[in-house]
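>>> Based on what follows, work out the 3D shape:
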Amino acid sequence: GTTWTDIAGNRSATLANGATFSNNSMLFNGTTAIITFSISGIDFSSAQTIIIALKPDENDGNRRNPYNNAYAGYGTITHEPSGVFNYYHGTSGTDGPTYQGTTSTMTVAQNENAIIAISRGPSSVNWYKNGILSNSSGNSYPTAVSSTNGAYIGYGYAGAYSGNIYLLMMYNRQLTDTEILQNFNALKGRYGLW
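Numbering: from 1, shown residues only. I've put the predicted structure just below:
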């Protein structure tokens with residue numbers, strides 16, 4: 001179908017403009033495909049963890065958003081042409097000033113299956129790949145501001161994502177290194193990540 005509901009939050013998500021769901025994967029065409037959902041009522045102001053299992057198929061030099069809310073709000077993830085990721089969050093709740101960008105030191109290449117995670121807390125912003133901490137930065141904005149923007153999978157301010165997104169999980173707290181690894185170990189067999 002074109003909509004589904006998550007179990008925990010009873011929130012519906014809508015596939016549109018060419019986004020499809022097949023073989024337990026959300027598929028994005030890199031131009032118009034989008035999945036929208038609401039995060040209204042969820043407080044990510046003091047902490048947020050996002051875990052995404054993905055396989056990008058783009059390699060065309062464009063920036064793309066596998067997840068987007070507001071880059072000066074609760075948080076947005078951008079996949080850069082070099083293969084690294086940026087996570088942006090901030091204090092205006094919009095796509096504008098004031099925000100912090102935290103760049104991953106790890107990369108995900110074209111057609112590579114990976115599980116990435118970004119975990120923001122009051123003092124740090126941490127990037128992980130396949131359950132292992134890749135880098136950590138200080139948090140300049142320990143209280144992010146809610147956005148009136150919608151939340152999107154596979155689309156955002158930088159551009160439309162191209163490839164597979166198998167899973168997106170969000171927590172309103174900063175998961176520990178151990179919890180990130182536990183999530184990876186529970187999921188890795190589904191995506192051939194031994």
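>>> just checking, residue 134 is part of a strand?
Yes. According to DSSP: H, G, I helix; E, B strand; the rest coil, residue 134 belongs to a strand.
>>> Now for the nearest residue to it once chain neighbours are set aside: which residues touch it?
Leaving out its chain neighbours, the residue that sits closest to residue 134 by CB to CB, 6 or more residues apart in numbering is residue 106, at 4.0 Å. All C-beta spots, glycine's among them, are computed from the backbone N, C-alpha and C. Residue 106 is in contact with 84, 85, 116, 127, 129, 134, 135, counting by CB atoms under 8 Å, 6 or more residues apart in numbering.
>>> Quick check, pLDDT for the residue positioned nearest the centre of the chain.
Closest to where the C-alpha atoms of the chain average out (CA atoms, centre = their mean) is residue 67, at 4.1 Å. For residue 67, the model assigns a pLDDT of 98.
>>> and the gap between it and residue 36?
Distance, residue 67 to residue 36, using CB to CB, to the nearest Å: 12 Å.
>>> and for the two, which residues touch both?
151, 152.
>>> Surely residue 182 forms part of a helix?
Yes. Per three-state DSSP, residue 182 lies within a helix segment.
>>> That one: neighbouring residues, count only.
13 (other CB atoms under 10 Å).
>>> Could you double-check that residue 31 sits in contact with residue 160?
Yes. The criterion here is CB atoms under 8 Å, and residue 31 meets it with residue 160 at 5.5 Å.
>>> residue ranges with poor pLDDT in the protein?
Regions of the chain meeting the criterion pLDDT under 70 cover residues 1-10, 194.
>>> cutoff 80 now
By pLDDT under 80, the weakly predicted segments of the chain are 1-12, 59, 194.
>>> what about the helices in it?
Taking DSSP state H, the helices of the chain run over residues 177-187.
>>> Need the buried ones from the contacts of residue 106 selected in ChimeraX.
Listed next is the ChimeraX selection for buried residues among the contacts of residue 106, using 16 or more other CB atoms under 10 Å:
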select :84,85,116,127,129,134
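>>> ok, the contacts of residue 106 vs residue 54, which is closest?
In terms of CB to CB, no member of the contacts of residue 106 lies closer to residue 54 than residue 116, at 7.0 Å.
>>> OK, contacts around the closest one?
51, 52, 54, 85, 104, 106, 108, 127, 128, 129.
>>> if you set the cut-off to 7 Å instead, what comes out?
Contacts of residue 116 were listed using CB atoms under 7 Å, 6 or more residues apart in numbering, and they are 52, 85, 108, 128, 129.
>>> now residue 60
No residues are in contact with residue 60 under the rule CB under 7 Å, 6+ apart.
>>> could you redo the last one with a cut-off of 10 Å?
30, 81, 110, 162 (CB atoms under 10 Å, 6 or more residues apart in numbering).
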